[in-house]
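A.B. asks: structure for the following, please:
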Amino acid sequence: MTRRDIVIIKVSELYIGILGRAPDFIGLNYWVNQILDGSLSLENTRASFASPDQPEYWDIYGDLDNGELLDKIYTNFLERTADTEGREYWLEELDSGDIATDQMIVAIINAAQDPAATDEQTLIDAQVLANKVEAAITFVTETQSFVAAGSADFIDFAQGAVNEVTEDPETVASSQAATLSLVAAQPAYLVGTYVSAEQKSTLSFLGGGSYVQIQNESGQGQDGFEFGSWTYDEDNGLLALNVILDTNGNAGMVNGPGTLTIDANITTQGLTLGVADEALALSKLTADAGKAEVGSWIGFSYNEDQSVDAFFITNLIDGGLLTSLDFSFTNAEERYVSAGNYIFEGDQLSVSGFTASGRSADPESFVKTLVPNLDHTLTLSGVDGVGTVLLSYLG
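C.D. replies: Presented below is the predicted three-dimensional model:
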């Protein structure tokens, strides 16, 4: 288990116990990254969660007295109330002001996870909390691309993912099945990466309204990319593209900067575009349960002021094809398409036949370290000029 995985579990426990729900992907990664880069400690994070200045915390606990608060937190964490002696102790501590809510929370977690404990109730408590974390991580992984994350409906779904999970493993399975049903019921959503049948082209739609098309035809003068913006008219099935940069000749969607509006039919399996009186069918690049690396991944590098300096899209396609785009916002020479063949074993990503458009004359081979994390991100080490990059799943 990586350090990131450990922090993911610890922050997920705070969402479960304090907010009574599974995390949302953006929120979880915000707190995890703050802890990993040293901006916050786990203690600071607990205090932030249990602060009246935190709107979601205040919505839940603002009108509760200390007894009601205590009962709520125990139920969130352990699906039970405190025993009489424990309840009296915590109420006295809270009422006197000798202990803050976040300090009580860490004590409850530590007691439930005491490795030396042998009494039946503590063992049950430990299993309840572990099961809730397992259900929560399934939820956050499967719903990370939801547009409505943070909405009232999404919060209800996140609460339902953990609220009835107990020490019984069947309750975990039930929660996970409900999460998968929720995801399956969502309308087809454009964000993600789509691959042409011959795997020579990928089309990636980013959540912020940008799109990237990568053309992999080395030696034919059409290896390159398009970068621009997109909007989708769901009612009329129309996709509008505004191409800002075009480096792939007459391949791609538009030859040169310009605009294009086309028919687009989106399903959970793929995308069909009406281009030049033809139907262009692309398959959605999705995760493979047996291959942790398969998918489309995006990472960022940052300036000293924390503004984004560059992004990286890496497509790892089942069958062993890797295509990628490095895109610097400030340096045009650091914008290029790469492609090669890969094998992933253990935590080693071995790449062969690697070429970078306009940069490498001869194919190269190299090995990078690639570690899958619990939240369906990848940690890639050994990136030239950057070091380590966190790659988030794009689709």
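A.B. asks: so where do the helices sit in the stretch 1-150 of the chain?
C.D. replies: Listed in chain order, the helices of the stretch 1-150 of the chain (DSSP state H, counting those that start in this stretch) span 3-14, 25-36, 42-49, 55-61, 66-78, 84-96, 101-112, 120-142.
A.B. asks: between these, which one is closest to Asn303.
C.D. replies: Between Asn303 and those, the shortest gap by Cβ to Cβ is with helix 25-36, which sits at 16.2 Å. All C-beta atoms are positioned from the backbone trio N, CA, C, and that covers glycine.
A.B. asks: so what touches the closest one?
C.D. replies: In this structure, residues lying in contact with helix 25-36 by Cβ atoms under 8 Å, 6 or more residues apart in numbering are 3-4, 7-8, 11-12, 14-15, 40-42, 45, 140-141, 143-145, 149-150, 375, 377, 390, 392.
A.B. asks: where does this structure dip in pLDDT?
C.D. replies: Scanning the chain with the threshold set as pLDDT under 70 gives 145-151, 187-188, 218-222, 276, 305-306, 358, 360-361, 385-386, 395.
A.B. asks: domain ranges for it, per the record?
C.D. replies: Domain assignment of the chain by automatic domain parsing yields the ranges 3-185, 188-228+282-395.
A.B. asks: include distance to Asn265 and mean neighbour count when you put these into a markdown table, please.
C.D. replies: A markdown table is the format used below for these (distance: least, Cβ to Cβ, whole Å; neighbours: other Cβ atoms under 10 Å):
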| stretch | distance to Asn265 | mean neighbour count |
| --- | --- | --- |
| domain 3-185 | 19 | 17 |
| domain 188-228+282-395 | 9 | 17 |
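A.B. asks: which parts of the stretch 101-250 of the chain are strands?
C.D. replies: Using DSSP state E, counting those that start in this stretch, the strands assigned to the stretch 101-250 of the chain run over residues 192-196, 201-205, 210-215, 224-233, 238-246.
A.B. asks: how about these in a markdown table, adding distance to Arg87?
C.D. replies: A markdown table is the format used below for the strands of the stretch 101-250 of the chain (distance: least, Cβ to Cβ, whole Å):
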| stretch | distance to Arg87 |
| --- | --- |
| strand 192-196 | 49 |
| strand 201-205 | 52 |
| strand 210-215 | 53 |
| strand 224-233 | 53 |
| strand 238-246 | 58 |
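A.B. asks: to Val308, which of the ones you listed lies closest?
C.D. replies: strand 210-215 (11.5 Å).
A.B. asks: so what touches that closest one?
C.D. replies: 200-206, 222-230, 241, 248, 251-253, 313, 315, 323-325, 327, 337.
A.B. asks: try it again at 7 Å.
C.D. replies: Here strand 210-215 makes contact (Cβ atoms under 7 Å, 6 or more residues apart in numbering) with 200-205, 222-230, 241, 248, 251-253, 313, 323, 325, 337.
A.B. asks: and it, which strands flank it?
C.D. replies: strand 201-205 (antiparallel), strand 224-233 (antiparallel) (DSSP bridges).
A.B. asks: kindly present these as CSV, with separate columns for distance to Leu36.
C.D. replies: What follows is the strands paired with strand 210-215, written out as CSV (distance: least, Cβ to Cβ, whole Å):
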stretch, distance to Leu36
strand 201-205, 26
strand 224-233, 30
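A.B. asks: compare those and give me the one nearest Val128.
C.D. replies: That would be strand 201-205 among the strands paired with strand 210-215, by Cβ to Cβ, at 40.0 Å.
A.B. asks: still on that earlier bit, mind putting the helices of the stretch 1-150 of the chain in CSV, distance to Trp297 included?
C.D. replies: Converted to CSV, the helices of the stretch 1-150 of the chain look like this (distance: least, Cβ to Cβ, whole Å):
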stretch, distance to Trp297
helix 3-14, 15
helix 25-36, 14
helix 42-49, 26
helix 55-61, 30
helix 66-78, 33
helix 84-96, 44
helix 101-112, 32
helix 120-142, 14
